[in-house]
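> Provided below are the primary sequence and the corresponding predicted coordinates.
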Amino acid sequence: MTTKTKANEINLKATIAELHKAYDMINEMYFQNELSPVVISVHTTTKKNVLGWYTPAKIWNTGEEERHEINLVAENLQRGKMQVLQTLFHEMLHHWNNLRGVQDTSRGNAYHNKRFLNSALEKGFEYLHEKPDPKIGYSMITLSQTTHDTIDSWDLNDEAFNLSRKATGGKGKSKKTTWRWACGCIPKPQVVRTTKPELRAVCPDCMQPFQCTDDE
């Protein structure tokens, strides 16, 4: 059973509300509520083929606590409810691994390693390719049919996932020239910026690798 909403009532507020609802339901069923609350945002990006990203550093402050961020790319919301929720679940895997101290990516967070794959298989995904992609590794995981059917049966507002942002690229589109990185220092991460999309550096204080907080 799904909730129905009039078309003129659909806006980004409704979409984000459903994403948070789905986050809580996935957290309960597949992570036994081990995941801490996050801020779910919707932004655009200049990178091609990016559907979403997770921020390893706590970059949001509620006034009482700091939180991580999961972002869904605005132009890719038109893929439909289950594809968007698959991306949300994907980023939740990164959150789970980060909380456990599991390094599941490299090369500026682009390459998803076997630790990521193992986490995905454990939580209801499958990997249908013969070998990892040379650039993004095991990133192209998909929900198993059982997991897909389970999530699809939940009481979520399908219409809230009909909203998407038109791509506005073209000759006037600016090219990304800097990347922001943050370490795992608590409560305030150290932040550095680079002019290249890769950084292999460890914070001398927390001894954790700097993680890209722009696009993942």
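On my side now, so go ahead.

> Might you report the residue contacts of the closest residue to residue 190 other than its chain neighbours?
Distances taken as C-beta to C-beta, 6 or more residues apart in numbering put residue 183 closest to residue 190, at 4.7 Å, once the chain neighbours are dropped. Where C-beta positions appear, they are placed from N, C-alpha and C, glycine not excepted. Going by C-beta atoms under 8 Å, 6 or more residues apart in numbering, residue 183 touches 57, 189, 190, 203, 205, 206, 208, 209, 210, 211.

> residues near residue 78, how many?
Residue 78 has 14 neighbours, counted by other C-beta atoms under 10 Å.

> doesn't residue 166 make contact with it?
No - with contact defined as C-beta atoms under 8 Å, residue 78 does not reach residue 166; the gap is 9.2 Å.

> Look up how far residue 52 lies from residue 43.
10 Å (C-beta to C-beta, to the nearest Å).

> overlap in contacts of these two?
Between them, residue 43 and residue 52 share these contacting residues under C-beta under 8 Å, 6+ apart: 71, 73.

> More neighbours: which of these two?
residue 52 (23 against 15).

> All the strands of this structure, residue numbers only.
With strands called from DSSP state E, the chain shows them at 38-43, 52-61, 66-73, 105-106, 111-112, 125-126, 142-143, 179-182, 191-194, 211-212.

> Buried deepest among the ones you listed, which one?
strand 211-212 (a mean of 23; mean count of other C-beta atoms under 10 Å).

> what's the average pLDDT for that strand?
Strand 211-212 carries an average pLDDT of 72.

> Give me the contacts around that strand.
55-57, 108-109, 179-184, 197, 199.

> of all these, which comes closest to residue 155?
Distance from residue 155 was checked for each of the contacts of strand 211-212 by C-beta to C-beta. The minimum falls on residue 55, at 28.9 Å.

> Touching, that closest one and residue 191? I think so.
No - if you go by C-beta under 8 Å, residue 55 and residue 191 don't touch, sitting 11.8 Å apart.

> what's the overlap in contacts for the two?
Going by C-beta under 8 Å, 6+ apart, residues that sit against residue 55 and also against residue 191 are residue 182.

> surely residue 156 meets residue 81?
Yes - counting by C-beta under 8 Å, residue 156 touches residue 81, with 6.9 Å between them.

> Minimum distance to residue 18: which of the strands of the chain has it?
Relative to residue 18, the nearest member of the strands of the chain by C-beta to C-beta is strand 38-43, separated by 9.8 Å.

> Give me the below-cutoff pLDDT ranges for the protein.
1-10, 168-177, 186-187, 196-198, 200, 214-216 (pLDDT under 70).

> Now do stretch 204-216: distance to the chain's middle.
Here stretch 204-216 is found 16 Å from its chain centre; the criterion is C-alpha atoms, centre = their mean, to the nearest Å.

> Kindly apply the preceding question to stretch 141-148 instead.
17 Å.

> Can you list the buried residues in that stretch?
141, 142, 143, 147, 148 (16 or more other C-beta atoms under 10 Å).

> Quick one: residues contacting residue 23.
Listed by C-beta under 8 Å, 6+ apart, the contact partners of residue 23 are 35, 38, 40, 70, 88, 92.
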